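S.K.: have a look; sequence and predicted model below, questions after that.
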Amino acid sequence: MKKITLLLIICLLSSCAKTGLHVINNFAKSGQFETHKNIDYGSQKLNLYVPNGKTITATVIYFYGGCWGQCSSYNKDDYLFVAETLTKQGYAVVIPDYRKYPNVKIDAILDDAKAATLWVLRNKEKYGIESDNVFVMGHSAGAHLAAMLVDDETLLGDKLNQINGFIGLAGPYDFYPFNVNDAYLFDLFHKKNNYYASQPIHFVNGNEPPHLLLQGRNDKKVFVHNAVNLAAKLEQYQVDYELVVFDKMSHAKIIINLAKPFKNKAEVLPHIVDFIEKHSH
């Protein structure tokens, strides 16, 4: 088992990440949940996972990362392991696909994130989800999308009060000026002379739901200042938040920490569960 775990870690932190996800998702297939796949929510589709034999206490909408499409070809089916872990806690899990760069720019991607969230708020009871507790969660670029949904109140409007909280794993919340190696971001965000306008930190005004910011200090892709600076802004506006920085956690490890081979020794999941329980009705 130790050799398998080591192999998975090496694979998930390297160019064979897609293969590593396939392996850990094979562990997740034995989970006790009902799957509703490829549900239309607009121009895209989502997967819904509902726990079997448990009272559903919350719904988590999970947005995956991948540089908004620029650096990966991930899709909703690659994150079955997230659904398996969270349904085991009694949560319904929604994982939407969304349009990706370079086919579209950030406005269209955010439109999809908004549409998926509104679909959940309208349709959860249709699938036997009676709980009114809804959380948005994401990793990396997905954490950016989820954060924008709760920090830019123009996106969800009066529906924002139906979101109990935001859970961000290694999210880019305050990343301007862009690194020279990330030149694509100038095109993705296409805001003339206003590139910071799609960064969550610039929208905080005190009307946000609670935030849980999970970040690895050893993250070489999304640096720790993103979470620290957002936490400071939330503090300034007296928004309820928790900031947890893991000393040895890398960008990939913070999400694969939720996979079945790792979660029994996980550092991430207990914080997520505590946050959801604390902010559920």
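M.R.: On my side now, so go ahead.
S.K.: now the strands for the stretch 51-200 of the chain?
M.R.: Ranges of strands in the stretch 51-200 of the chain, per DSSP state E, counting those that start in this stretch, are 58-63, 91-96, 134-139, 165-169.
S.K.: can you lay out the ones you listed as JSON lines showing mean pLDDT, distance to S250 and mean neighbour count?
M.R.: Bear in mind the C-beta positions are built from the backbone N, C-alpha and C, glycine included. Converted to JSON lines, the strands of the stretch 51-200 of the chain look like this (pLDDT from 0 to 100; distance: least, C-beta to C-beta, whole Å; neighbours: other C-beta atoms under 10 Å):
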{"stretch": "strand 58-63", "mean pLDDT": "98", "distance to S250": "20", "mean neighbour count": "26"}
{"stretch": "strand 91-96", "mean pLDDT": "98", "distance to S250": "22", "mean neighbour count": "27"}
{"stretch": "strand 134-139", "mean pLDDT": "98", "distance to S250": "12", "mean neighbour count": "26"}
{"stretch": "strand 165-169", "mean pLDDT": "98", "distance to S250": "12", "mean neighbour count": "27"}
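S.K.: need those in JSON lines with distance to I39, can you?
M.R.: Listed next are the strands of the stretch 51-200 of the chain as JSON lines, based on distance: least, C-beta to C-beta, whole Å:
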{"stretch": "strand 58-63", "distance to I39": "13"}
{"stretch": "strand 91-96", "distance to I39": "9"}
{"stretch": "strand 134-139", "distance to I39": "16"}
{"stretch": "strand 165-169", "distance to I39": "22"}
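S.K.: quick one: closest of those to G128.
M.R.: strand 91-96 (8.6 Å; C-beta to C-beta).
S.K.: name the residues that touch the closest one?
M.R.: 41, 44-51, 56-64, 76, 79, 82-83, 86-87, 112-113, 116, 120, 124, 127, 129, 131, 276 (C-beta atoms under 8 Å, 6 or more residues apart in numbering).
S.K.: what about those, which are in helices?
M.R.: If you go by DSSP state H, the contacts of strand 91-96 have 82-83, 86-87, 112-113, 116, 120, 276 in helices.
S.K.: contacts for stretch 66-74?
M.R.: 17-18, 21, 64-65, 99-103, 106, 109, 140-142, 144, 184, 188.
S.K.: now it: buried residues?
M.R.: 66-69, 72, 74 (16 or more other C-beta atoms under 10 Å).
S.K.: returning to that earlier point: among the ones in helices among the contacts of strand 91-96, which ones are buried?
M.R.: By 16+ other C-beta under 10 Å, the ones in helices among the contacts of strand 91-96 give 82-83, 86-87, 112-113, 116, 120, 276 as buried.
S.K.: with only the CA atoms kept, save stretch 118-137 in PDB.
M.R.: Output of stretch 118-137 as PDB, limited to C-alpha atoms (Å, rounded to 0.1, in the frame of the first residue of the first chain):
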ATOM      1  CA  LEU A 118     -28.600  28.700  -9.700                       C
ATOM      2  CA  TRP A 119     -29.500  25.300 -11.100                       C
ATOM      3  CA  VAL A 120     -28.700  23.700  -7.800                       C
ATOM      4  CA  LEU A 121     -30.700  26.200  -5.800                       C
ATOM      5  CA  ARG A 122     -33.700  25.600  -8.100                       C
ATOM      6  CA  ASN A 123     -33.500  21.800  -8.500                       C
ATOM      7  CA  LYS A 124     -32.000  20.200  -5.400                       C
ATOM      8  CA  GLU A 125     -35.400  19.200  -3.900                       C
ATOM      9  CA  LYS A 126     -36.200  17.400  -7.200                       C
ATOM     10  CA  TYR A 127     -33.400  14.900  -6.300                       C
ATOM     11  CA  GLY A 128     -34.500  14.400  -2.700                       C
ATOM     12  CA  ILE A 129     -32.100  17.000  -1.200                       C
ATOM     13  CA  GLU A 130     -34.200  18.700   1.400                       C
ATOM     14  CA  SER A 131     -31.400  20.500   3.100                       C
ATOM     15  CA  ASP A 132     -31.200  24.300   2.600                       C
ATOM     16  CA  ASN A 133     -27.500  24.300   3.400                       C
ATOM     17  CA  VAL A 134     -25.500  25.100   0.200                       C
ATOM     18  CA  PHE A 135     -21.800  25.700   0.000                       C
ATOM     19  CA  VAL A 136     -19.600  26.500  -2.900                       C
ATOM     20  CA  MET A 137     -16.100  25.000  -3.000                       C
END
